[in-house]
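Trainee: What would the 3D arrangement of this be:
(2 chains)
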Amino acid sequence: DGGITQSPKYLFRKEGQNVTLSCEQNLNHDAMYWYRQDPGQGLRLIYYSQIVNDFQKGDIAEGYSVSREKKESFPLTVTSAQKNPTAFYLCASKTATSGGDTQYFGPGTRLTVL
Amino acid sequence: RKEVEQDPGPFNVPEGATVAFNCTYSNSASQSFFWYRQDCRKEPKLLMSVYSSGNEDGRFTAQLNRASQYISLLIRDSKLSDSATYLCVVNSRGSTLGRLYFGRGTQLTVWP
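Mentor: Residues are numbered from 1 along each chain as shown, chains lettered A, B, ... in the order given. Just a heads-up that it's a prediction; the model follows:
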């Protein structure tokens, strides 16, 4: 089955710890995105990548880091510098073909900082 | 000014009702427009794209007014299963791989 997978579904971490969220897609999509969603809020873009080995900051990149070493994978690291990391994190991907503006989302990871 | 503005609601309607959501966008160069649906604690899923001529998919009708930079979604004969948050989404100008902008969403509850 083609799709986007995120793991883990739920993640708990202690303050001061870095944590990495996984995002994998087998849709052969070129672009991948990370969003954060807080209760009652819209999606805010953290980072996005249009091609392998390249990525751009979104609106709230501070305290986060990413890598894009493979087309299929776009992991997000939440560092201890992120002041309020508890949130729902969503990964998405998109094809580059004409008319391919539609983004497809993974099931998300709920991160809770204890 | 935010890229995409939506009325957050909530909208509470009985089954069978018709309900309309509105959305405005600030970037006149935006080329692609969508409505996504998000169920509680789930990921957003594409409901429908919005075309310049307007388009319909069953009970759902989407309209685009480029002059006013306004998008709408009409749901007819509401079902309990329509209860969700509806996100208005527009693309950025530039490359096809550019970012999308999401509204905060409009919450809909359909009651029996």
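
Trainee: What parts of chain B come near chain A?
Mentor: Residues of chain B lying close to chain A (C-beta under 8 Å from any C-beta of the partner chain) are B:8, B:31-32, B:34, B:41-46, B:49, B:87, B:91, B:95-97, B:99-100, B:102-105. The way it works is simple: take the backbone N, C-alpha and C, and place the C-beta from them, glycine included.

Trainee: Got a quick PyMOL command for the buried subset of those?
Mentor: Buried subset of those, written as a PyMOL selection, criterion 16 or more other C-beta atoms under 10 Å in any protein chain shown:
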select buried, chain B and resi 32+34+43+44+49+87+91+96+97+99+100+102+103+104+105
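
Trainee: show me the contacts for A:Phe88.
Mentor: A:36-38, A:108-111, B:41 (C-beta atoms under 8 Å, 6 or more residues apart in numbering or on different chains).

Trainee: Next SSE downstream of the helix or strand where it lies?
Mentor: Using DSSP states H and E, A:Phe88 sits within strand A:87-94. Remark: after strand A:87-94, the chain's next helix or strand is strand A:104-105, criterion DSSP H and E.

Trainee: What strands flank that following strand, and is each parallel or antiparallel?
Mentor: Within its sheet, and counting by DSSP bridges, strand A:104-105 is paired with strand A:87-94 (antiparallel).

Trainee: Quick one: mean pLDDT over the strand it pairs with.
Mentor: Averaged across strand A:87-94, pLDDT comes to 95.

Trainee: Tell me if B:Ser49 really is in a strand.
Mentor: Yes. With DSSP: H, G, I helix; E, B strand; the rest coil as the criterion, B:Ser49 is assigned to a strand.

Trainee: Is the closest residue to it other than its chain neighbours in a helix, a strand, or coil?
Mentor: Excluding its sequence neighbours, the residue lying closest to B:Ser49 (C-beta to C-beta, 6 or more residues apart in numbering or on different chains) is B:Phe34, at 5.4 Å. What three-state DSSP gives for B:Phe34 is strand.

Trainee: does the residue nearest the centre of chain A sit in a helix, a strand or a coil?
Mentor: In chain A, the residue lying closest to the centroid (C-alpha atoms, centre = their mean) is A:Trp34, at 2.9 Å. Assigned with three-state DSSP, A:Trp34 falls in the strand class.

Trainee: Per-residue confidence, it, what does it come out as?
Mentor: pLDDT recorded at A:Trp34 is 97.

Trainee: Show the backbone phi and psi for A:Leu27.
Mentor: phi -90, psi 0 (degrees, to the nearest 10).

Trainee: what number of residues lie near it?
Mentor: Applying other C-beta atoms under 10 Å in any protein chain shown, we find 13 residues neighbouring A:Leu27.
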